[in-house]
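1. Fold the following.
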Amino acid sequence: MLIEVAILNIKEGKNADFERDFQEAGKYIAATAGYIKHSLKRCVEIENQYILLVEWESIEAHEIGFRQSPQYNEWKALLHHYYEPFPQVLHYI
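-> Numbering: from 1, shown residues only. Predicted coordinates:
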């Protein structure tokens, strides 16, 4: 198992829109082979910051299975315009 970790900084004033669209985007990541589960947590100290944790069976499930899929394009269209700056995504075992 592998955990994908991303710190998401959201453009000011967009938290509610981001959270709404994230709920919709969840179905796209969850439909990917090798996906286990994900969670999104809002930071207490920094109003526009979230942490995204995604459990995958392997790095390939994320990097190839998800990122090269049509589901990723839907995820990207829903969420990527909220990030400022674009997040670094790291993997942990």
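2. you'd agree residue 32 is up against residue 61?
-> Yes - the pair residue 32 / residue 61 is scored as a contact, 6.8 Å apart, by CB atoms under 8 Å. Yep, even glycine has a C-beta here, placed from its N, CA and C like the rest.
3. those helices in this protein, which residues are they?
-> Counting by DSSP state H, the chain has helices at residues 15-30, 59-60, 70-79.
4. Looking at the ones you listed, spot the one closest to residue 6.
-> helix 70-79 (10.6 Å; CB to CB).
5. Name all residues that make contact with residue 78.
-> By CB atoms under 8 Å, 6 or more residues apart in numbering, the residues touching residue 78 are 21, 22, 24, 25, 28.
6. Just the buried ones from those?
-> 21, 22, 25, 28 (16 or more other CB atoms under 10 Å).
7. gap between the third one and residue 4?
-> Between residue 25 and residue 4 the distance, using CB to CB, to the nearest Å, works out to 14 Å.
8. next one: the first one
-> The spacing between residue 21 and residue 4, counted by CB to CB, is 19 Å.
9. what's near enough to touch residue 71?
-> 28, 29, 31, 32.
10. May I have the phi/psi pair for residue 32?
-> Per-residue torsions, residue 32: phi -90, psi 130 (degrees, to the nearest 10).
11. what number of residues lie near it?
-> 18 (other CB atoms under 10 Å).
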